[in-house]
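In: heads up, no residue letters with this:
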Ligand code: HEM
């Protein structure tokens, strides 16, 4: 599963929107968005027909009005988004699902997970510490949030199988292929589905303190229905449990990894800010907000206009029109942020919209903040001279939805593994 919801050529969807936000030179995109904010804050992209919403106040206003600007998939432009399940719901069905899912994200639960995040970050660092080099994305930023999601679901005991399944299903989605690659993939899917089947049977009989149990508890009220509808390639619809697992990976892992790696990159590119943070680690929670604003791991989300005659900045929006809420632009809005293109670890206030706004505000926001804070703290403390590897090529995901690196080769002075280091899970 993937947030790189880039439809294959010829398919409907914002593929043409790509050059605007995805694969293009980030500096150029920043300049184009600044021009739109100034001259045409509600701009109809002639190639795609999408309305691009670039100012902070407008992104918030639209997010606050779900009765006018719907999250549900409507029309051919949104076919590719139906996999977004609860994110693509409005009204009572959405409230019902959100009420149950939110049980996994109470402040108490998030606080409980902090020790695990620290351990997983340390284990990831231990695995590469002696070599003096690693891929910060794949070796650190990927496993930490993925292991936490497995724990929240109560399937951490089979983390390796879970990871193999995530890889198989991700490949099936991102290659644009609608099928698995071969017998080995089919075997992984079968093994994971069997395992989840046994977990479901066990938790239905003896509910635990995990998200699968919570979702099963709401099954009769229909909370799994949205996840059973049109799941990702390689994910059988079934009762929706597998769809829910894949949604959580999509929402929570593919986003947080980009904040961790993008945040580290921002610190490497702004050595003065990094020194300030290393001198004053108490600033970390403030710096995390700046990382979220500066990186904008989710670039944009879509809404559909539900009625005619909606006017915004003199533009007439019609029923059925699509609007893109461009968070990465709202987060650089000079009406809200001083020197918006500067990365400042002590920026306060910082009213970014990286987690969205309104009824769909990210349920994992506090968890993500904690994961980013703890992982960056471990990296800055344990690998204090970490740098980009000489000649490193930074490949970005060619996506209009997420902003992140595929790989980030880094080097550092080799260090000993921590005193409690165990063999890492992978
Ligand atoms: C830096 C990391 C993250 C970013 C930038 C992010 C961003 C977002 C955004 C922008 C939305 C709103 C989508 C919309 O309005 O249509 C959202 C929703 C959501 N996020 Fe996150 N997210 C992150 C981490 C997480 C994590 C760690 C989890 C869980 C493990 C999570 C779970 C969710 C869920 C369940 C929703 C759907 C809420 C709803 O539809 O009511 N997110 N996220």
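Out: Nice, thanks for sending it over. Note that the coordinates shown come from a computational prediction; the quantities given were computed from them, not determined experimentally. Numbers count the residues shown, from 1 in each chain.
In: Quick check on residue 66: phi, psi?
Out: Note on residue 66: its backbone torsions stand at phi -70, psi -20 [degrees, to the nearest 10].
In: now do residue 43
Out: phi -120, psi 130.
In: Could you find the closest non-adjacent residue to residue 359?
Out: Counting by C-beta to C-beta, 6 or more residues apart in numbering, the nearest residue to residue 359 once its immediate chain neighbours are dropped is residue 66, at 5.2 Å. Glycine gets a C-beta too; all of them are placed from N, C-alpha and C.
In: so that neighbour touches residue 91, yeah?
Out: Yes. Here residue 66 reaches residue 91: they are 7.5 Å apart, a contact under C-beta atoms under 8 Å.
In: higher neighbour count, these two?
Out: Applying other C-beta atoms under 10 Å to residue 66 and residue 91 shows that residue 66 carries more neighbours, namely 19 against 13.
In: how many other residues sit next to residue 388?
Out: 16.
In: The one 3 residues further on now?
Out: For residue 391, the neighbour count with other C-beta under 10 Å is 6.
In: Next: residue 394.
Out: With neighbours defined by other C-beta under 10 Å, the count for residue 394 comes to 13.
In: Tell me if I am right that it is in a strand.
Out: No. Looking at residue 394 with DSSP: H, G, I helix; E, B strand; the rest coil, it is coil, so not inside a strand.
In: Look up phi and psi at the residue nearest to it when sequence neighbours are not counted.
Out: In this structure, residue 394 finds its nearest non-sequential neighbour in residue 405, 5.6 Å apart by C-beta to C-beta, 6+ apart. Here the main-chain torsion angles of residue 405 (degrees, to the nearest 10) amount to phi -90, psi 150.
In: which sections of the stretch 251-400 of the chain are below the confidence cut-off?
Out: In the predicted model, the stretch 251-400 of the chain carries no residue with pLDDT under 70.
In: Give me the spatial nearest neighbour of the residue of it found nearest the ligand, chain neighbours excluded.
Out: With distances taken as C-beta to the nearest ligand atom, the stretch 251-400 of the chain approaches the ligand most closely at residue 364, which sits 2.1 Å away. Spatial nearest neighbour of residue 364, chain neighbours left out: residue 252 (4.9 Å); criterion: C-beta to C-beta, 6+ apart.
In: Could you do residue 247 as well?
Out: The nearest residue in space to residue 247 (C-beta to C-beta, 6+ apart) is residue 85, at 4.9 Å.
In: do the same with residue 217
Out: What sits nearest to residue 217 in space, not counting adjacent residues and going by C-beta to C-beta, 6+ apart, is residue 207, at 6.3 Å.
In: Where does that neighbour sit: helix, strand or coil?
Out: Assigned state for residue 207: coil (three-state reduction, three-state DSSP).
In: Surely it is in contact with residue 219?
Out: No. Contact criterion C-beta under 8 Å: residue 207 and residue 219 do not qualify, at 11.3 Å.
In: For the two, indicate the residue with more neighbours.
Out: Under the criterion of other C-beta under 10 Å, the comparison of residue 207 against residue 219 puts residue 219 first, with 16 against 13.
In: mind checking the SS state of the residue nearest to that one when sequence neighbours are not counted?
Out: If you skip the residues right next to it in sequence, residue 219 has residue 239 as its closest partner in space, 7.2 Å away by C-beta to C-beta, 6+ apart. The three-state label for residue 239, taken from three-state DSSP, comes out as coil.
In: Am I right that residue 239 is in contact with residue 200?
Out: Yes. Here residue 239 lies in contact with residue 200, judged by C-beta under 8 Å, at a distance of 7.4 Å.
In: Could I get the full set of strands for this protein?
Out: Ranges of strands within the chain are 42-44, 51-53, 69-70, 133-135, 300-305, 310-312, 315-317, 322-326, 387-388, 409-411, based on DSSP state E.
In: Export those as CSV, with columns for distance to the ligand.
Out: Formatted as CSV, the strands of the chain follow (distance: least, C-beta to the nearest ligand atom, whole Å):
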stretch, distance to the ligand
strand 42-44, 18
strand 51-53, 13
strand 69-70, 10
strand 133-135, 19
strand 300-305, 4
strand 310-312, 18
strand 315-317, 18
strand 322-326, 7
strand 387-388, 22
strand 409-411, 20
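In: shaky segments in the stretch 101-250 of the chain?
Out: Counting by pLDDT under 70, the stretch 101-250 of the chain contains low-confidence residues at 173-180, 230-234.
In: switch to 80 and redo it
Out: Across the stretch 101-250 of the chain, the stretches falling below the confidence threshold (pLDDT under 80) are 170-181, 229-238.
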